[in-house]
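Output the structure for:
(3 chains, ligands or ions: 4)
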Amino acid sequence: MMSSLIKKIGGGLVMAMISLFAHAEHQINFPAPVTEIGRQVYDLHIITMWIIVGIAVVVYGAMFWSLLKHRKSVGYKPATFSHSTALEIIWTTIPFIILIAMAYPATKSVIAMKDTSNADMTVKVTGYQWKWEYDYQQDGFKFMSVLSTPRDQIEGKEAKGADYLLEVDNPMVVPVNKKVRVLLTANDVIHAWWMPEFGVKQDAIPGFIRDTWFKVEKPGTYRGQCAELCGKDHGFMPIVVVAKEQADYDKWVAEQKAKAAAAADTGKDRSKEELVAAGEKIYAANCAGCHQPHGEGMPPVFPALAGSKIVNGPAAGQIDIVMNGKPGTAMPAFAKQMSDGDVAAVITFTRNSWGNKAGDVVQASEIKASRK
Amino acid sequence: MSGNKGSYYLPAPSHWPVVGSLALLLLTGGFVMKINHVNMGGSTMIAGAIVLIYMLFGWFGTVVRESESGMYNKQVDKSFRMAMTWFIFSEVLFFTAFFGALFYARVISIPGLGSGDTMSQLWPHFVASWPTHVAGEDKIVSGPGSTQMFTPMHAWGIPAINTLILLTSGATLTWAHWGLLKNNRSQLIIGLIATVALAFSFIFLQAFEYHHAYTELGLTLGAGIYGATFFMLTGFHGFHVMLGTTMLVVILFRSMKGHFKPESHFGFEGAAWYWHFVDVVWLLLFVFVYWL
Amino acid sequence: MEHGHDHHPSGIMRWVTTTNHKDIGSLYLWFSLCMFFFAGTLALGIRLELFQPGMQFMQPQTFNQLTTLHGLIMVFGAIMPAFVGFANWQIPLMIGAPDMALPRLNNWSFWLLPVAATLLVTSFFVPGGPIAGGWTLYPPLYMQNGISGDMTIFAVHILGMSSILGSINIIVTIMNMRAPGMTYMKMPLFVWTWFITAYLLIAVMPVLAGAVTMMLTDRHFDTHFFDASGGGDPVMFQHIFWFFGHPEVYIMILPAFGIVSSIIPTFARKPLFGYTSMVYATASIAILSMVVWAHHMYTVGMPVTAQLYFMYATMLIAVPTGVKVFNWLATMWQGAMTFETPMLFSIGFVALFTLGGFTGIVLAMVPVDVQLQDSYYVVAHFHYVLVSGSLFTLFAGAYYWLPKWTGHMYDEKLGKLHFWLSMIGFNLTFFPQHFLGLAGMPRRIPDYALQFADFNRMSSIGAFIFGTTQLIFVYVVIKCIRGGAPAGDKPWEGADTLEWTVPSPAPYHTFETPPVVK
Ligand code: HEA
Ligand code: HEA
Ligand code: CUA
Ligand SMILES: [Cu+2]
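Numbers count the residues shown, from 1 in each chain, chains lettered A, B, ... in the order given. Ligands and ions are numbered 1, 2, ... in the order given. Presented below is the predicted three-dimensional model:
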């Protein structure tokens, strides 16, 4: 009775493992790969699983046979043997040979994965708490990419969309069939850039550059997530890559360049209303994660900005902390992450919201001046 | 006492261990409070230290009394020896972690920071070298992102003298041991006094060196990975020297009270092994931290 | 065998001051049971939040704190002390020694644990709450912890001290206290596995202590060990941590191998197959375990050669582990098996640990691991080896030796119920996590995309079944202590080690005159 139960469960496990690739659905196996490396990884996994199922059949088969037949209740008399050199040599060498057979294709894939030479283009990706920056250095523009799922969906006040937690405001865009080299680093803590469909995962380590590469074969939108615990909102730091045909990609690059040029132009002052309206969006994307949507913060770790001494004090003090951050705390330096216009807008917004009554306006030119 | 029934000495219930635990709770709790600027941190630490000293006197006092009254047979003695050996083994691995950090920094992280994309993208002015360097300038800086300047420690001054001191102390200690084996008490005591004196001069010179490093060389804990590994390794070693010196002082007093016999003197040997271990670690430090 | 008739303090002071290996063993076991329930409750918190998508019950930071403390306390507070408890009870009994070699030190090894537990548990009440960066303590994230960051560092120091002192004691006991005739190659396998485990502990706990010490100075004394701007490297911490961390996982499994190697021959009524190769396999696993650490770091960006080396070395561990599995099978083969609760848990162990080992081999392959690293596949892997590995054998060992410890038989019916419900609950919790990982769900996240909802719901239901089931165990243990059928010296027909030659319950002092082994 017992053993038949064991058998059922064990059998169920084996069946589940087999079904795992018998009908390789998205739910129980790797998502369908769209790069050469991704395919190699996928195949390697399938081979490994089959080998392991084979070993499992032998191991569990012997075990259940013995459990069924060699039991006292069916009157089995115990044997007395306690070793066999021949057997032991066999079951040391056979696994060894199997392992070599598994290591061989794995070695080839490792070498291919690590080969970042001869790339067609390079993008520098920087992890921040909790967003990604994509820097197209050759084309001279960069942008931040932040989760765009509304908070109401997360808190269950609104129905969850299809791409819940896997959607961003500005995706990374790449051309298809081009070898894209990714330089990875981080600004604060370790993050990891994981794109399941590409077979790519690489940690982003502050102070160091690591690289990886991919060559997407099919246009489409691909989704991944930050894979290294990076603090509070680690679970809310998705990655979206859109692969486009070369012509569409070129169009996109041109648009981005134009946008960058417009943002760099900080010459003219904006009105308070314009700044506050722009600042509100920037705040939601960059600051609300810590200081909360209504500036209430999460004391003692993240101070409230509503009623804060610094926010209600002289503008210079606030410019300083936002531009340079506060070393030793989570407050990041935004000088390198944000344009002058954006910093000006977000500061103006905080100084005029939630009952803060500094009331003044900070213009991009002031931020520019603070950079010296 | 429950020890006399079997052949192996089994101590009666003892309250010393739990006193020791209390001491550690106060000591670590107090330290945490202190470095986080919570009130009473310092005084909690002091209370912990007092309890710890009380525990050490009480516990070791009991062991010494039991030993002197002949309650430990050969097998117990062997247990103590084995335990001490394994304890020293664990200390070796403690040092391994810090030496590992030093080698890692010199072989992997510094060269990595000063080459390839890491350098060109993030630290364009950094030149990989040991001690740490910055391009174009003939200065030693704490790290690629730092402006703190320092002068590294020179091997052939105080460190070389300290090497000699420790080597000599190893010899005087062995000489004292020979005295003990021959039951020549005055050789034992003179040898120990010499060893303790050398130990104190080592500590004094080391303190002097630290003072020099901080006030004149700009070499501080904050002086990048060089300063960090320098102080961690020498400081942790210095802490062990102090422990070893305490042990030596204790066995000196015990020798003066007439403890130890030529055929059984685990207390002496334990301290001696420990001292030789501290000695060997210093030699490695001298080579890898100061010299190369 | 004479009974203990010397006076020792009674009431609480008996336990506080005891130098008796059986008392200390019991203290360890009770302590670890409490910690298991505490950490298990934290796990239920995790599963509660993950029951469905969206944030329902807690802040993301709280979730990270639950995960971190769950991992830390299970590893250091529940599994490790439980095995030391078994060592304390059983090693002297199995080698015919009157007690541990250094009884006072033994007491201290235990009483250091509550200090560490205090530091960990009270960190819930300090500003900012307990640490939240994962049990692996990686900097620079670790630097963002508040005061609890320092409390945890000292807790780790003290846990390390406890483990080192405890291990020294175990090694010295084994080397110096064996009864006449008990040669090394006659020692029961449980003793052998602990011998090797203790060596591993002494070798790697100081390294962890070194790592957290550097973290402390980075936090408060201006050093830059793990900070690139000063020439350090966050990845250096990972190397040092895993140099400890990988052996650590074998520290949690080798004694389990020992327990199973005691139980299977007993209930198969047949000697352990391949004793000698078992000893060598254990030693090989221990040695290999110290040179494979970076398989936890395949995605940090090591050079190809390093990746390949660590891949080959890691895969090699399958060989000695396989030898063990095959030896257990060969022991069962043609035995006359009966299926009392200890045997059930042991068989459950062999089946499910092997499965966990298989997924370990999948993870060892660099290209596949690059996909699976930090995904739920890893979570599934290590719960298969830790829960149905270490924890199941702890249950097996407890049922096996409870009659010796208490003098009573436990309730066999309830024991079996405990096993079967555990088996169902466990697999329901952790098997679906393989699929989650394969489909791309990262670990350590409080909320997830909709495609992961079904398996997470299954997993959460399983966790509550598994958790509630553990209450049966507590009930059985308490019932067994308070009464039950008398066990007799040797309740298990097939058992043949020394502990079964003394009365049940084992008298306070045993083997004061050493037994002579054949
Ligand atoms: C008891 C604890 C335990 C044990 C025994 C193991 C055993 C093994 N583990 Fe596991 N592991 C953990 C606990 C454990 N692990 C933990 C806690 C983590 C996560 C840590 C964290 O990040 O938080 C982890 C993570 C982990 C990783 C990193 C995953 C990642 O984060 O990317 C890897 C990668 O190589 C790995 C591999 C292995 C291997 C190869 C074994 C091998 O020892 C298994 C060997 C056994 C078998 C293979 C089965 C029996 C053998 C046969 C029947 C012979 C025939 C078989 C073949 C030829 C294949 N483990
Ligand atoms: C060492 C052993 C060990 C053990 C035994 C367990 C046991 C369990 N673990 Fe695990 N776990 C780890 C070690 C262990 N764990 C480690 C090292 C990590 C990694 C941490 C990190 O990422 O840093 C981890 C992480 C981890 C995660 C991933 C979290 C994340 O990535 O965010 C999950 C999620 O499901 C989980 C679940 C469980 C469950 C449900 C159990 C169950 O088996 C627990 C069962 C026990 C109980 C439930 C308690 C007893 C019962 C009661 C209290 C009665 C009351 C019952 C009810 C109210 C129903 N654990
Ligand atoms: Cu960024 Cu996790
Ligand atoms: Cu490992």
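
Where does residue 250 sit, in terms of helix or strand?
Let's take chain A. Under the criterion of DSSP states H and E, residue A:250 resides in helix A:246-264.

right idea, wrong chain: chain C
For residue C:250, the host element (DSSP H and E) is helix C:234-251.

Can you tell me the SS state at the closest residue to chain C within the stretch 251-372 of chain A?
Using Cβ to the nearest Cβ, residue A:300 is the residue of the stretch 251-372 of chain A that sits closest to chain C, at 5.0 Å. Where you see a C-beta, it was placed from the backbone N, CA and C, and this is true even at glycine. When classified by DSSP: H, G, I helix; E, B strand; the rest coil, residue A:300 comes out as coil.

Find the nearest non-adjacent residue to it, please.
residue C:127 (5.0 Å; Cβ to Cβ, 6 or more residues apart in numbering or on different chains).

list the contacts for that neighbour?
A:300, C:146-147 (Cβ atoms under 8 Å, 6 or more residues apart in numbering or on different chains).

Which among the residues you listed count as buried?
C:146-147 (16 or more other Cβ atoms under 10 Å in any protein chain shown).

sorry, back to before: past the helix holding residue C:250, which element shows up next along the chain?
Next along from helix C:234-251, by DSSP H and E: helix C:254-268.

where does chain C come near ligand 1, residue by residue?
C:136, C:249, C:252-253, C:295-296, C:314, C:317-318, C:321-322, C:325, C:354, C:357-358, C:360-361, C:363-364, C:369, C:373-374, C:378, C:381-382, C:385-386, C:389-390 (Cβ under 6 Å from any ligand atom).

go with 5 Å
C:249, C:252-253, C:295-296, C:314, C:317-318, C:321-322, C:325, C:354, C:357, C:360-361, C:363-364, C:369, C:373, C:378, C:382, C:385-386 (Cβ under 5 Å from any ligand atom).

The residue nearest to residue A:300 sits in which helix or strand?
Going by DSSP H and E, residue C:127 is not in any helix or strand.

so how far is residue A:156 from it?
29 Å (Cβ to Cβ, to the nearest Å).

Buried residues in the helix or strand hosting residue A:317, which are they?
In this structure, residue A:317 sits in helix A:315-324 according to DSSP H and E. By 16+ other Cβ under 10 Å, the buried positions in helix A:315-324 come out as A:315, A:318-319, A:321-323.

Quick one: distance of it to the chain centre.
In this view, helix A:315-324 has its centroid 30 Å away from the chain centroid, taken as Cα atoms, centre = their mean, to the nearest Å.

any idea of the mean pLDDT for it?
Helix A:315-324 comes out with an average pLDDT of 86.

quick one: is it near chain B?
No. Helix A:315-324 lies out of reach of chain B by Cβ under 8 Å from any Cβ of the partner chain, never closer than 14.1 Å.

Give me the distance from the next helix or strand after that helix to the chain's centre.
Scanning forward in sequence from helix A:315-324 by DSSP H and E, the next helix or strand is helix A:340-351. On the basis of Cα atoms, centre = their mean, helix A:340-351 is displaced by 28 Å from the centre of the chain it belongs to.

which helices and strands sit right next to helix A:340-351?
helix A:272-286, helix A:309-312, helix A:315-324, helix A:364-370 (3 or more Cβ pairs under 8 Å, 6 or more residues apart in numbering or on different chains; DSSP states H and E).

Dump these to TSV, plus distance to residue A:141.
Compiled in TSV, these are given as follows (distance: least, Cβ to Cβ, whole Å):
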stretch	distance to residue A:141
helix A:272-286	18
helix A:309-312	31
helix A:315-324	21
helix A:364-370	18
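
Mind checking those helices for the one nearest to ligand 3?
Shortest distance between ligand 3 and the helices and strands packed on helix A:340-351, using Cβ to the nearest ligand atom, is found for helix A:272-286: 14.9 Å.

In three-state terms, label residue A:242 for me.
Strictly by three-state DSSP, residue A:242 counts as strand.

what's the helix holding residue A:317 in contact with?
By Cβ under 8 Å, 6+ apart, helix A:315-324 touches A:310-311, A:331, A:333-335, A:343, A:346-347, A:350-351, A:358, A:360, A:362, A:366-367, A:370-371.
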